[in-house]
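J.: sequence and predicted structure below; questions after.
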Amino acid sequence: MTFDTVYMLERLPAFWKAAVVTFQVAGAAIILSTAAGLLNAAILFFRIPVLRLAVRVYVEAARNTPLLIQLFFLYFALPSVGIRLSGFVTAVAALTFLGGGYLTEVIRSGVEAVSRGQLESGLALGLSRWQLLQHVVLPQAIRITLPALFSNFIFLLKETTVASAVAVPEILYTTTNFIALEYRTYEMLFMMTALYLLIFLPLSFLLDWVERRFRHGRLGL
């Protein structure tokens, strides 16, 4: 088996464009799902009756349905009621729905890990429950849950491959397109694998470094 390196170099710009799309989808989903996780964790912290139940239902639905099914529902079922989403928006929405469910549980576990004594001390000092959440609970909860948060960020980045099912031109979609059009299977699979490794290995080391910095309080925050 031989690789046509000239052909691979010619296709490299297309793969870089696909990598940019992958990061755009993952970045939007990570930001939105983190926001959803923080909001849901706040609802659970304040024990708002109806909303608390809604959050529980959402978390179970997000974590117990396959991402591909969520994606197909948004892309193929919603048009029947007049809602049409682009492939990009569908991918971001589905990943946000999934990631928000997992990050809600991650952040909730961090909130519950903060000692009750600190909560009682904050209330005794006259802090409102919102001030308590903002200044005492969340900073500690985020630090406690950093490993799980970062693992879920990488998980969402990996899951962008599912977006190829709705024609989002990310890395996997670009790879299968070239294979279907030009029958250069080995070259394309090699480039896809190499690109994913170039993305995930440095990112994994970076997040591990940030986690250790936060753990030992050396970021000056």
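T.: Thanks, I have the structure now.
J.: okay, CA-based contacts and neighbour counts for the rest of this
T.: OK.
J.: can you name every helix or strand that the helix or strand harbouring residue 40 contacts?
T.: Here residue 40 is covered by helix 5-46, with elements defined by DSSP states H and E. Judged by 3 or more Cα pairs under 8 Å, 6 or more residues apart in numbering; DSSP states H and E, the packing partners of helix 5-46 are helix 49-63, helix 87-113, helix 138-158, helix 171-182, helix 185-215.
J.: okay, these in JSON lines with distance to residue 122, mean pLDDT and mean neighbour count next?
T.: Shown next, in JSON lines, are the helices and strands packed on helix 5-46 (distance: least, Cα to Cα, whole Å; pLDDT from 0 to 100; neighbours: other Cα atoms under 10 Å):
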{"stretch": "helix 49-63", "distance to residue 122": "23", "mean pLDDT": "93", "mean neighbour count": "15"}
{"stretch": "helix 87-113", "distance to residue 122": "15", "mean pLDDT": "94", "mean neighbour count": "23"}
{"stretch": "helix 138-158", "distance to residue 122": "13", "mean pLDDT": "89", "mean neighbour count": "18"}
{"stretch": "helix 171-182", "distance to residue 122": "49", "mean pLDDT": "91", "mean neighbour count": "17"}
{"stretch": "helix 185-215", "distance to residue 122": "23", "mean pLDDT": "86", "mean neighbour count": "15"}
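J.: so which of these gets nearest residue 12?
T.: Judged by Cα to Cα, the one of the helices and strands packed on helix 5-46 that comes nearest to residue 12 is helix 185-215, at 8.3 Å.
J.: what angle separates the closest one from helix 5-46?
T.: Counting by axes from the mean of the first three to the mean of the last three Cα atoms, to 10 degrees, helix 185-215 lies at 40 degrees to helix 5-46.
J.: by contact count, what packs against helix 185-215?
T.: helix 5-46, helix 138-158, helix 171-182.
J.: helix 171-182 and that one, what's the angle between them?
T.: Using the same axes, to 10 degrees, helix 185-215 lies at 170 degrees relative to helix 171-182.
J.: ok, now how distant is residue 173 from residue 164?
T.: For residue 173, the distance to residue 164 equals 5 Å [Cα to Cα, to the nearest Å].
J.: for residue 119, same thing?
T.: According to Cα to Cα, residue 119 stands 46 Å off from residue 164.
J.: residues contacting residue 167?
T.: Applying Cα atoms under 8 Å, 6 or more residues apart in numbering, we find residue 167 in contact with 87, 173.
J.: kindly provide the distance from it to residue 86.
T.: 9 Å.
J.: kindly export the host helix or strand of residue 123 (C-alpha atoms) in CSV.
T.: Residue 123 belongs to helix 116-124 when assigned by DSSP H and E. Output of helix 116-124 as CSV, limited to C-alpha atoms (Å, rounded to 0.1, in the frame of the first residue of the first chain):
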residue,chain,number,x,y,z
ARG,A,116,-22.7,23.1,54.2
GLY,A,117,-20.8,24.9,56.8
GLN,A,118,-19.6,27.5,54.2
LEU,A,119,-23.2,28.0,53.1
GLU,A,120,-24.4,28.6,56.7
SER,A,121,-21.5,30.9,57.3
GLY,A,122,-22.3,32.9,54.2
LEU,A,123,-25.9,33.3,55.2
ALA,A,124,-24.9,34.2,58.7
